[in-house]
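Student: take this sequence and fold it.
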Amino acid sequence: MNYFLYVDDIRTDDRFYRSLTIQSQYEPHIIRSYMEAIDFFQAHPDSVFILDLDHDLGFDEDNDVERNGYDICRYVIENGVHVIAFHIHSMNPVGTANMRQLLTHYGIREI
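Tutor: Numbers count the residues shown, from 1 in each chain. Sure, this is the predicted structure:
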């Protein structure tokens, strides 16, 4: 199965997904946290993913800063998750640059 994961703790904007020609090939899912993303990857080990990433993912249940989009990118690289493309919609310029640099360094294309 192929999945389009929109990773954001608050927003639900799917304009980018709707603008892509992949709609019939990739099932969309909204992911709200680092752990939700990891759980999804682990539940679908043989899947192909396109990610639409936010960097800042809010706070966890203990009101501590949640792991962020960069942590998700690190997990993808370290665990060989089959991500073929990504898009970043974060308003955090440093986080955006870090995620972009990591993913493109490992050959994942930005769309």
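
Student: residues contacting residue 38?
Tutor: 72, 75 (C-beta atoms under 8 Å, 6 or more residues apart in numbering). From N, CA and C alone the C-beta is placed, and that goes for glycine too.

Student: longest helix anywhere in this protein?
Tutor: helix 93-105 (DSSP state H).

Student: after the worst-scoring helix or strand of the chain on mean pLDDT comes which helix or strand?
Tutor: Sorting the helices and strands of the chain by mean pLDDT, DSSP states H and E puts helix 15-19 at the bottom, at a mean of 68. Using DSSP states H and E, the helix or strand that follows helix 15-19 in sequence is strand 27-31.

Student: got a list of contacts for that next one?
Tutor: By C-beta under 8 Å, 6+ apart, strand 27-31 touches 1-8, 12, 14, 17, 37, 40.

Student: which of the residues you listed tops the neighbour count?
Tutor: residue 7 (27 neighbours; other C-beta atoms under 10 Å).

Student: quick check: closest non-adjacent residue to that residue.
Tutor: residue 31 (4.6 Å; C-beta to C-beta, 6 or more residues apart in numbering).

Student: so what pLDDT did that neighbour get?
Tutor: Here the pLDDT value assigned to residue 31 is 92.
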